[in-house]
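Asker: Sequence below, structure please.
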Amino acid sequence: MKIHDCISAIISRKGSDIWSIPSDASVYSAIETMADRRIGALLVIDEGRLVGILSERDYARKVMLKGKSSKDTFVREIMTPSPISIGLDTTVDEAMRIITTNRIRHLPVVDRDRVVGILSIGDVVNWIIASQDQAIEHLENYIAGGYPR
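Answerer: Numbering: from 1, shown residues only. This next block holds a predicted model:
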């Protein structure tokens, strides 16, 4: 585990469950799905193509604060269109840079125009922490003479 590992390693470890919703669904059904799945964002996929992403932040800013009804508002009205995405060969370090630079919390992972997963900031942070723990363990073993010379 290293920050130079590819995102494919995280996706293979965490699984590639993809929760999505079509753009013509109601915001209410999207929020209901997020609550049921205990997730903070849904990919918006129409006819097999990634067209947007809908997050709790979108809901809070574009529905709640504007006094709209989630049952009368469509996902396409509040989603973030054409979301930033990454490929399986993107490094963990690059993904973290994209997340922090763009101030986003979720990154769709796309391979040959097909969504293969979604990466959250929590996934990246957990990978980095595990990587650091592993490096510390290796150093402790080295210092204690646990490695052959």
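Asker: State the mean pLDDT of the helix or strand in which residue 97 is found.
Answerer: Assigned by DSSP states H and E, residue 97 falls within helix 92-102. For helix 92-102, mean pLDDT is 94.
Asker: Check which helices and strands it is in contact with.
Answerer: With contacts taken as 3 or more CB pairs under 8 Å, 6 or more residues apart in numbering; DSSP states H and E, helix 92-102 sits against helix 7-14, strand 106-111, helix 121-143. Where C-beta positions appear, they are placed from N, C-alpha and C, glycine not excepted.
Asker: what's the angle between that helix and helix 7-14?
Answerer: Interaxial angle, helix 92-102 versus helix 7-14 (axes from the mean of the first three to the mean of the last three CA atoms, to 10 degrees): 90 degrees.
Asker: So what's the gap between helix 92-102 and the chain middle?
Answerer: 11 Å (CA atoms, centre = their mean, to the nearest Å).
Asker: One more: stretch 48-66?
Answerer: Worked out by CA atoms, centre = their mean, stretch 48-66 lies 14 Å from the chain centre.
Asker: picking that back up, take the helices and strands packed on helix 92-102 and write them to JSON lines, including mean neighbour count and mean pLDDT.
Answerer: What follows is these, written out as JSON lines (neighbours: other CB atoms under 10 Å; pLDDT from 0 to 100):
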{"stretch": "helix 7-14", "mean neighbour count": "16", "mean pLDDT": "88"}
{"stretch": "strand 106-111", "mean neighbour count": "20", "mean pLDDT": "95"}
{"stretch": "helix 121-143", "mean neighbour count": "13", "mean pLDDT": "80"}
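Asker: Show me the one of those that comes nearest residue 22.
Answerer: Using CB to CB as the measure, strand 106-111 is the one of the helices and strands packed on helix 92-102 that comes nearest residue 22, at 15.5 Å.
Asker: before we move on, the earlier item: out of the helices and strands packed on helix 92-102, nearest to residue 40?
Answerer: In terms of CB to CB, the element of the helices and strands packed on helix 92-102 nearest to residue 40 is strand 106-111, at 7.0 Å.
Asker: Pretty sure residue 69 sits in a strand.
Answerer: No. Applying DSSP: H, G, I helix; E, B strand; the rest coil, one finds residue 69 to be coil, outside a strand.
Asker: and it, how many neighbours?
Answerer: 10 (other CB atoms under 10 Å).
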